[in-house]
Every structure is written in structure tokens, then in C-alpha cells.
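S.K.: quick one: sequence and predicted model below, then my questions.
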Amino acid sequence: MIITVASFKGGVGKTTTAVHLATYFSKLASTLLIDGDPNRSASGWAKRGKLPFSVIDERQAAKYARQYEHIVIDTQARPEMEDLEALVEGCDLLIIPCTPDALALDAMMLTVKSLKQLGSESYKILLTIIPPKPSRDGEEARVMLTEAGLPLFKRGIRRYVAFQKAALAGIPVFETNDKQGKIAWTDYQAVGKEIIK
């Protein structure tokens, strides 16, 4: 399976999502993460520690991709229309991470508009960095997206400091010494199961 993670806005958990979905798939079969973000965030994450899958630069993809059963692609933020078209055609599922705030939701709607212009339906929105209660931002965003008839993952990714610790240490979130790390991981496990079924 080829999964691409893309967004018109930075800071929405794109690389965190790519790393943790690659972690999930690596428990099922050989998995490769292709780092297509000019910031090379996923490559930096991998260099700081140990991840359970391979991470390569997008320029190496042709050489290595055929050796893996699952491929997750981390893309640059704000892709151009032609980039988006190539991304859609080159994957089984395009995941659009989106935080439950007005600016991110506006950017996500631009992405969806572009995808509709391309005639693509192989995408799904993932709410990320959802603030804890008593905030209702996550629930309100979910209702809005559902009422708009947009494809949305049943589970969102809650905001945990453990994700920042994982990125700094170069490991998956469940390996951090943060007591919330294993709980944070259950969000991505639920998303992974939803993709597989």
C-alpha cells in the first residue's frame, strides 16, 4: 500500500503522521518512509534515534521502493496543483492532516477543492493536534467536516507532549518515557486499522 501525507498548511502534524503510520505498517510488513519534504523532517527524526522502518530521500525512491510492501510518503507543505495531481495518482490513499482551527480548516478546504477539481476521491482527512477537554474544538471540527460530507477518519490524533519528545529522541511515541506516550500511540493504531480494513 502507498500512503501519501499532504497538506496546504505546515504545523498540522504531517511528519508526525507519516512517521507513526510507517511505524504501524512496519509491524505488518516491510515499510519505507519517503521523505519528500524539503525540510527533511522525517530524515532528521530518523537520524536522532532509531525508527522501525527505513527512511530515504525522495530522490532515492526509484532505487529502493520496490523492496518494500508498504510505502508512506511525507510531502512538502503547500503542494502546487500539478504536484497534488502527481501525488494523488501515485498513491492508494492521500491523507490530509488538519488541526481543528480556522486557518488549518481553511487550508484543508483548499486542498479538498483542488482534489475535487482533479476528480480524486482517494483521500481522507485526519484531525490532528486535538486539544484536550474542556476545549470542544475537535468535536466542532468533526461535526463541520461530517456535515460537509467530507471523508474523515473516525479517530483523531489528540495533542500530547509525548509526540514532541518522540521527535526529539528520534523514536516512535510509545518508546518515550512520557506516561502519555502509549496512550498517544493508540490514536495512530486506530487510524492504521481503519486504513487496513
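M.R.: Sure thing, it's come through.
S.K.: buried ones in the helix or strand encompassing E139?
M.R.: When secondary structure is defined by DSSP states H and E, E139 falls within helix 137-147. Buried residues in helix 137-147, counted by 16 or more other Cβ atoms under 10 Å: 138, 141-142, 145. For glycine as for every other residue, the C-beta is placed from the backbone atoms N, C-alpha and C.
S.K.: looking at this protein, which residue lies furthest from center?
M.R.: P134 (25.4 Å; Cα atoms, centre = their mean).
S.K.: what's the spacing between it and L145?
M.R.: 21 Å (Cβ to Cβ, to the nearest Å).
S.K.: now the buried residues of helix 137-147 as TSV including pLDDT?
M.R.: What follows is the buried residues of helix 137-147, written out as TSV (pLDDT from 0 to 100):
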residue	pLDDT
G138	94
A141	94
R142	94
L145	92
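S.K.: of all the residues you listed, which two lie farthest apart?
M.R.: The largest separation in these, counting by Cβ to Cβ, is between G138 and L145 at 10.8 Å.
S.K.: helix or strand with the lowest mean pLDDT in this protein?
M.R.: Least confident helix or strand of the chain, by mean pLDDT, DSSP states H and E, is helix 81-89 with a mean of 82.
S.K.: tell me the helix or strand right after that one.
M.R.: That would be, after helix 81-89 and using DSSP H and E, strand 93-98.
S.K.: after the helix or strand harbouring D106, next one along is what?
M.R.: For D106, the host element (DSSP H and E) is helix 102-118. Sequence-wise, the next helix or strand downstream of helix 102-118 (DSSP H and E) is strand 123-127.
S.K.: which helices and strands sit right next to that next one?
M.R.: Counting contacts by 3 or more Cβ pairs under 8 Å, 6 or more residues apart in numbering; DSSP states H and E, strand 123-127 packs against strand 93-98, helix 102-118, helix 137-147.
S.K.: any idea which of these scores lowest on pLDDT?
M.R.: Mean pLDDT is lowest for helix 102-118 out of those, coming in at a mean of 84.
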